[in-house]
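Asker: generate coordinates for the sequence data below:
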Amino acid sequence: MSRAKGDYAEERGCEYLASQGFSIIERNFYSRFGEIDIIATKDEVLHFIEVKSGEEYELCVQNITPTKLSRLIKTGNVYMKKNALDVAYCYDALLVMPTEIELLENITL
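Answerer: Okay, the predicted model is just below:
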């Protein structure tokens with residue numbers, strides 16, 4: 001996917017999350033392990049969110065590989081340590097499709 005398409009999906013995702021009561025804390029947080037697309041809070045829970053876009057649900061979900069999930073978790077740990085945080089948190093996927101957006105919470109379970 002091109003960077004422009006990814007940026008567009010992230011922008012749509014942020015708008016969706018804001019409409020659902022999330023507060024966006026940071027976007028595109030990098031560590032040596034990888035990147036977290038969106039970091040947000042809602043109801044005192046910190047959400048590390050991976051944005052995946054595609055034409056349909058199945059294509060989006062298939063792009064959440066075990067390697068990607070591992071990098072997301074490691075990068076989340078870096079963020080928590082760097083900011084000295086001791087809060088409830090979870091890892092989510094935000095699926096951005098042409099006609100809908102779906103949030104899958106706690107994808108590590």
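Asker: show me where this protein has strands.
Answerer: 23-30, 35-42, 45-53, 88-96, 101-104 (DSSP state E).
Asker: what pairs with the third one, parallel or antiparallel?
Answerer: With DSSP bridges as the test, strand 45-53 is paired with strand 35-42 (antiparallel), strand 88-96 (parallel).
Asker: got those as TSV, with distance to residue 18, mean pLDDT and mean neighbour count columns?
Answerer: Placement of C-beta: from N, CA and C, glycine included. Conversion of the strands paired with strand 45-53 to TSV gives the following (distance: least, C-beta to C-beta, whole Å; pLDDT from 0 to 100; neighbours: other C-beta atoms under 10 Å):
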stretch	distance to residue 18	mean pLDDT	mean neighbour count
strand 35-42	9	97	19
strand 88-96	12	96	19
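Asker: export these to JSON lines and tack on distance to residue 64?
Answerer: Supplementary listing: those in JSON lines, determined by distance: least, C-beta to C-beta, whole Å:
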{"stretch": "strand 35-42", "distance to residue 64": "12"}
{"stretch": "strand 88-96", "distance to residue 64": "6"}
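Asker: out of those, which is closest to residue 58?
Answerer: Comparing these by their distance to residue 58 (C-beta to C-beta), the top pick is strand 88-96, with 9.9 Å.
Asker: gap between that closest one and the chain center?
Answerer: Distance, stretch centre to chain centre, for strand 88-96: 5 Å (C-alpha atoms, centre = their mean, to the nearest Å).
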